[in-house]
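**Q** Got a predicted structure plus its sequence, pasted below:
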Amino acid sequence: ATPLSFPSQAASPQWVVSAFWKSNAQLLKRSSRRKKIFREAVSVSDPFAMWDQKMVEELFFEILFVMTEVVGGPSTMAFQKTLFLFWIDLGQVLRVMCLPVYGWSHQSYDLMKNLDLVYVLATFVSKVIPRYSLFILAQFLVLLALGDAFYAAKLFKSGSKVNTMWPIKLLRFLVGSVVTILFSSVLKWLIIPIDCQVSAEKSLSSYFHGDDAPCTPWATPELVFSLVSVLSAAAYISFAVVVSLLSFETNALARGVRASSTGRVEAWWIVAKVAVTFMAYTVQWLQAASCAVVILLLLLWVLYNHITLLPFHRHETNLIRGGVFFFVVWLALATVIVSAADVSQMQEWALLAIAPVFFVLGVCFTHWIRSGHDRSIERLRAEYLRIQSYEGGKGSAA
């Protein structure tokens, strides 16, 4: 697509949105699939029931388009930042996947949890302030993100002047950090009141009934906090999935197949992270091996979508993401082995030691897939040039 050219006097966000709709009217008209995805995502939980559905769609399209507008081109610094954020995201998933409830030993878990930078920092913070302060912090961040989204929608609906655009800037920061990178940790903090069912942390019941009280998150008065925890987690997950889907669907400057599918891959990655977190709470009713198999199948689906669609514009980003998905798929397979068989500590170390090899294999396999696409394009180009030459320079599209 041709980039939009804005005159120098066009500084207001309203003008940007207006120019976006005018110059991309035909593109948006042809994007029936994106519209369908958007309607399905909004209809899941429509917070604007009193508004017309078309109005809600346009509001979200305007907000997310302005929010995801890229300032400047790709740079080495931006790529290094992406790598660092990928590492933070991966570390959180690895720690949760190696929980003892899935069959891993405490020694293995102690090793993997140190790879989670957010967990390490939270551990230091909990030494100074109570751990339940993280629950309050997570509630605040989720309410802030949802409230800011509603406020931005209200501003766009009323046509108010938002020259500073601070609600959009704040929403961009919250989506990029709380919703995307810190998703696993914030979700874990939200469910702290019921976390005692799978961890050895001090339970909420001990604050009400004494230090020796058992973990009873569904008894009174703990039930109130547990319900708040579950409801806020559900709202947070829904918001994260919708934003992940729509942040890429609204970009009229990226209409290629790969770009339009980015949201689908990231949304399935969020679903996989939710499954990794909540499956730990079902182990007491289901076997750990069954839970591990479900996680493995979800991660295989995410990997399949990634290598099929190659969603990111930058090839290096696709390579790193492919390595990450190969890494977690191997760890999920190792979790199935550990939970289903009697594995010694030495064998667990061996399973963990092999994981970096799969990261390299993932990078190589993703590069091979991309090279195959390049070869196909070059072959088609050569065929077209040959036909064009055969037709005397007047080759038809056929």
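**A** Looks like it came in fine. Numbering: from 1, shown residues only.
**Q** Does residue 337 lie in a helix or a strand, and which?
**A** Using DSSP states H and E, residue 337 maps to helix 315-340.
**Q** likewise residue 264?
**A** Counting by DSSP H and E, the element that carries residue 264 is helix 262-278.
**Q** Distance from the chain centre to that helix, please.
**A** Relative to the chain's own centre, helix 262-278 is displaced by 6 Å; criterion: Cα atoms, centre = their mean, to the nearest Å.
**Q** ok, now stretch 166-178?
**A** That offset, for stretch 166-178, works out to 15 Å (Cα atoms, centre = their mean).
**Q** what is the rounded mean pLDDT of it?
**A** Mean pLDDT, computed over stretch 166-178, is 80.
**Q** Let me know the secondary structure of the residue nearest to residue 195 when sequence neighbours are not counted.
**A** Leaving aside its sequence neighbours, residue 195 sits nearest to residue 201 (Cβ to Cβ, 6 or more residues apart in numbering; 6.1 Å). For glycine as for every other residue, the C-beta is placed from the backbone atoms N, C-alpha and C. Following DSSP: H, G, I helix; E, B strand; the rest coil, we place residue 201 in the coil state.
**Q** What is the burial count for residue 201?
**A** Residues near residue 201, counting by other Cβ atoms under 10 Å, number 14.
**Q** Does it touch residue 134 like I think?
**A** No - between residue 201 and residue 134 there is no contact under Cβ atoms under 8 Å: 10.8 Å.
**Q** which residues are common contacts for those two?
**A** Residues touching both residue 201 and residue 134 (Cβ atoms under 8 Å, 6 or more residues apart in numbering) are residue 192.
**Q** ok now the helix holding residue 337, how far from the chain's centre?
**A** Here the centre of helix 315-340 is set off from its chain's centre by 16 Å, with Cα atoms, centre = their mean.
**Q** and that helix with helix 262-278, angle?
**A** Interaxial angle, helix 315-340 versus helix 262-278 (axes from the mean of the first three to the mean of the last three Cα atoms, to 10 degrees): 30 degrees.
**Q** Next SSE downstream of helix 315-340?
**A** Of the helices and strands lying after helix 315-340 in sequence (DSSP H and E), the nearest is helix 345-390.
**Q** I'd like the average pLDDT over that next one.
**A** Mean per-residue pLDDT for helix 345-390: 90.
**Q** One more: stretch 319-335?
**A** 94.
**Q** With just CA atoms, put it into PDB.
**A** This file holds the C-alpha atoms of stretch 319-335, laid out as PDB (Å, rounded to 0.1, in the frame of the first residue of the first chain):
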ATOM      1  CA  LEU A 319      13.300 -16.100  13.000                       C
ATOM      2  CA  ILE A 320      13.500 -15.300  16.800                       C
ATOM      3  CA  ARG A 321       9.800 -16.000  17.200                       C
ATOM      4  CA  GLY A 322      10.200 -19.400  15.400                       C
ATOM      5  CA  GLY A 323      13.000 -20.300  17.700                       C
ATOM      6  CA  VAL A 324      11.000 -19.300  20.800                       C
ATOM      7  CA  PHE A 325       8.000 -21.500  19.600                       C
ATOM      8  CA  PHE A 326      10.300 -24.500  18.900                       C
ATOM      9  CA  PHE A 327      11.800 -24.000  22.400                       C
ATOM     10  CA  VAL A 328       8.400 -24.000  24.200                       C
ATOM     11  CA  VAL A 329       7.100 -26.900  22.100                       C
ATOM     12  CA  TRP A 330      10.100 -29.000  23.200                       C
ATOM     13  CA  LEU A 331       9.600 -28.000  26.800                       C
ATOM     14  CA  ALA A 332       5.900 -28.900  26.600                       C
ATOM     15  CA  LEU A 333       6.900 -32.300  25.200                       C
ATOM     16  CA  ALA A 334       9.400 -32.700  28.000                       C
ATOM     17  CA  THR A 335       6.600 -31.800  30.500                       C
END
